[in-house]
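In: Structure for the following, please:
(one chain, ligands or ions: 2)
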Amino acid sequence: MTTAVLGAGISGLSAAYYLLRRFGKPLTIYEASPRVGGWIRTECHKDKGFYFEGGAHTIRPQGVAGANTLELVEQLKLEVKPIAKTHVAARNRLLYAKGKLCMLPNSIGGLLGVKEPFTQPLYKALLHDLRAAVTKVKDADESIYSFVERRFGKELADYAISPMICGICAGDAREISVRFLMEELFEKEQKYGGVLKGVLYARFKAKTDAQLGMGIFAEQQPQLYAKACAEKWAMYGLEGGLEQLPRALRSYLAEQRINVQLSSRAQSLSFDSAGANISLRNAEQPAGHVISSLPAHQLALLVRAQHPSLAAQLLAIPYVDVIVINLQYNSDKLLQLDGFGLLVPPVEQLPILGIIFDSCCFDMSGNTVLTVMMGGRWFANWFAHQPSQKELRDIAQRYVAKILNISEEPKFSRVHTLQKCIPQYTVGHKRRVESIRNYIANYKLPLSVCGAAFDGVGINDVILSARRQVDLLPPQSA
Ligand SMILES: Cc1cc2nc3c(=O)[nH]c(=O)nc-3n(C[C@H](O)[C@H](O)[C@H](O)COP(=O)(O)OP(=O)(O)OC[C@H]3O[C@@H](n4cnc5c(N)ncnc54)[C@H](O)[C@@H]3O)c2cc1C
Ligand SMILES: C=Cc1c2[nH]c(c1C)Cc1[nH]c(c(CCC(=O)O)c1C)Cc1[nH]c(c(C)c1CCC(=O)O)Cc1[nH]c(c(C)c1C=C)C2
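Out: Numbering: from 1, shown residues only. Ligands and ions are numbered 1, 2, ... in the order given. The predicted structure is shown next:
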């Protein structure tokens with residue numbers, strides 16, 4: 001019987017790719033929207049030499065997840081646009097705090113002096129960690145804010161970690177699990193009595209490839225990963241924008257005669273002794289096994305009739321809305337500071353989360369291109385009255401003028417509200433995911449779950465999540 005993949009975002013397409021590689025056909029993908037890519041969406045203006053990213057902007061090449069994506073990129077023969085660690089976009093990350101633009105320290109030297117918005121040199125935060133007593137944390141989880149505040153002090157929690165959490169999941173560091181970003185540091189603290197102590201101890205214990213997770217590569221690490229390491233890439237994009245990745249996957253699957261059924265929303269999912277049944281608008285589709293890459297709240301809707309308790313656990317993963325506003329100006333002389341972009345710490349209580357300087361990261365043929373992001377965990381505080389696109393653009397332009405001194409009208413712009421686009425890995429997330437997968441295993445459901453809701457929100461994470469779920473299937477699954 002066929003295997004079905006739900007969702008043709010990057011995770012679902014990757015699941016199909018790995019399924020095909022492992023088992024061959026038959027295989028069908030059901031996608032609700034008329035396009036592939038999910039939150040990866042590029043709007044190209046080739047004639048003017050620029051493009052807008054409506055969701056993800058860059059990919060990191062680091063670690064096993066980074067190497068895995070590079071392997072895929074290589075296999076699909078996509079052209080990468082690397083940003084080296086020495087590039088200004090890799091070195092400069094800015095904060096807008098206390099009414100000023102501040103540069104985050106990017107070297108050891110930067111830890112010594114007092115740098116705004118901090119009122120103390122950052123090495124003092126490290127001394128704080130050496131001196132602070134260790135609290136054994138209940139249920140082995142806490143918020144990343146409280147962990148950083150405990151170990152390094154409130155200033156670092158407010159002006160370093162909180163904006164970083166915004167810049168990754170548009171969330172509130174006071175709610176997000178320490179395991180989302182600092183699992184290793186947290187465990188080192190709990191084990192060795194301090195973060196620095198733990199890090200220093202671990203330096204003397206070299207990790208094997210298997211411990212690093214590199215064991216997934218059958219022979220050797222991917223060539224493009226070796227190149228990224230040798231050339232010290234900090235991040236990369238793709239020629240033509242990131243949407244080239246899901247598009248290339250779709251083309252590859254089409255060449256292998258794998259059907260991606262667009263505009264085919266799954267409406268319910270049930271299981272019986274023969275396997276799974278997917279209800280679409282006009283049809284029932286049986287499947288031997290289902291891999292869902294859907295957002296957790298969507299999968300919850302599908303299974304709630306037959307498995308209400310599974311649905312409730314899926315619904316316990318909250319999501320936030322993000323407004324993405326792309327702006328293009330004809331001149332490339334507008335930005336007075338170069339860098340990846342700026343973040344606004346939530347303590348500042350402003351309606352914007354941050355601004356990406358797209359035209360500093362990649363060549364945009366003499367245009368200045370910016371992306372303003374707003375909302376996230378604070379969406380309801382600022383935008384509950386459902387402002388029009390014009391109002392949203394006006395807010396974005398007001399802050400571009402105030403912070404970056406760019407007051408001219410953009411020549412071209414785009415406003416999108418991405419509803420429920422980023423899951424929030426709140427305290428207890430890891431346990432929640434374990435419990436969801438345990439439920440599926442205990443009831444022997446022919447179902448695997450992958451994608452942004454479960455194993456990390458970055459593009460690398462969701463591709464690796466798909467690969468791991470396919471690898472876990474028993475040999476007879478096809
Ligand atoms: C604003 C923003 C900026 C980001 N920036 C970055 C970045 O710079 N770098 C990075 O690495 N990551 C970034 N990310 C994260 C990354 O883009 C996403 O986590 C990733 O694309 C999610 O992929 P996915 O396949 O898991 O889910 P999705 O993209 O959500 O795909 C799920 C698919 O399922 C479909 N679907 C939903 N319901 C049904 C149904 N009932 N039946 C069938 N199909 C259905 C949807 O239409 C969608 O196509 C960003 C995300 C956002 C929102
Ligand atoms: C302001 C909102 C957001 C910005 N980017 C994202 C949001 C919600 C989403 C996002 N950004 C990154 C990832 C991938 C993480 C990964 O695991 O690979 C996601 C989902 C990359 C990223 N961008 C910034 C940071 C600190 C990171 C983490 C990885 C890294 O260190 O490279 C910084 C940043 N993000 C945004 C801005 C304006 C910004 C500015 C400096 C926008």
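In: tell me which element the closest residue to ligand 2 within the stretch 301-450 of the chain falls in.
Out: Closest residue of the stretch 301-450 of the chain to ligand 2, CB to the nearest ligand atom: residue 354 (2.9 Å). Glycine gets a C-beta too; all of them are placed from N, C-alpha and C. Assigned by DSSP states H and E, residue 354 belongs to strand 352-357.
In: what does the helix or strand just after that strand contact?
Out: The helix or strand immediately downstream of strand 352-357 is helix 358-361, counting by DSSP H and E. If you take CB atoms under 8 Å, 6 or more residues apart in numbering as the criterion, helix 358-361 is touched by 50, 52-53, 57-58, 83, 88-89, 237, 326, 332, 335, 338-341, 364, 367-371.
In: give me the number of residues near residue 157?
Out: Each residue near residue 157 was counted by other CB atoms under 10 Å, and the total is 24.
In: give the contact list for the closest residue to ligand 2 within the stretch 101-250 of the chain.
Out: Nearest residue of the stretch 101-250 of the chain to ligand 2, counting by CB to the nearest ligand atom: residue 167, 3.1 Å away. Listed by CB under 8 Å, 6+ apart, the contact partners of residue 167 are 343, 353-354.
In: who wins for neighbours among these?
Out: Of these, with other CB under 10 Å as the count, residue 343 tops at 27 neighbours.
In: For that one, list each beta-bridge partner.
Out: On DSSP bridges, the residues paired with residue 343 through beta bridges are residue 95, residue 354.
In: Is it correct that it is in contact with residue 353?
Out: Yes. Taking CB atoms under 8 Å as the definition, residue 343 is a contact partner of residue 353 at 7.1 Å.
In: Contacts for the strand holding residue 354, please.
Out: 57, 89, 163, 166-167, 170, 322, 335, 338-344, 370-376, 395-396, 399-400, 403-404.
In: Give me the buried entries from those.
Out: Among the contacts of strand 352-357, those classed as buried by neighbour count (16 or more other CB atoms under 10 Å) are 57, 89, 163, 166-167, 170, 322, 335, 339-344, 370-376, 395-396, 399-400, 403-404.
In: Can you sort out which of those also neighbour ligand 1?
Out: With CB under 6 Å from any ligand atom as the criterion, these include 57, 322 near ligand 1.
In: With just CA atoms, put the helix or strand hosting residue 21 into PDB.
Out: Here residue 21 sits within helix 10-23, counting by DSSP H and E. C-alpha atoms of helix 10-23 as PDB (Å, rounded to 0.1, in the frame of the first residue of the first chain):
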ATOM      1  CA  ILE A  10      10.200  21.800   3.100                       C
ATOM      2  CA  SER A  11       9.800  19.000   5.800                       C
ATOM      3  CA  GLY A  12       7.100  17.100   3.800                       C
ATOM      4  CA  LEU A  13       9.000  17.400   0.600                       C
ATOM      5  CA  SER A  14      12.200  16.200   2.300                       C
ATOM      6  CA  ALA A  15      10.300  13.300   3.900                       C
ATOM      7  CA  ALA A  16       9.100  12.300   0.400                       C
ATOM      8  CA  TYR A  17      12.700  12.600  -0.900                       C
ATOM      9  CA  TYR A  18      14.100  10.300   1.800                       C
ATOM     10  CA  LEU A  19      11.200   7.900   1.500                       C
ATOM     11  CA  LEU A  20      11.800   7.600  -2.200                       C
ATOM     12  CA  ARG A  21      15.600   7.100  -1.600                       C
ATOM     13  CA  ARG A  22      14.900   4.400   1.000                       C
ATOM     14  CA  PHE A  23      11.900   2.500  -0.300                       C
END
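In: Domain map for the chain?
Out: Taking automatic domain parsing as the domain assignment, the ranges for the chain are 3-35+243-317+426-477, 104-209.
In: CSV for the ones you listed, including distance to residue 215 and mean pLDDT?
Out: Output for the domains of the chain, formatted as CSV (distance: least, CB to CB, whole Å; pLDDT from 0 to 100):
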stretch, distance to residue 215, mean pLDDT
domain 3-35+243-317+426-477, 11, 97
domain 104-209, 6, 85
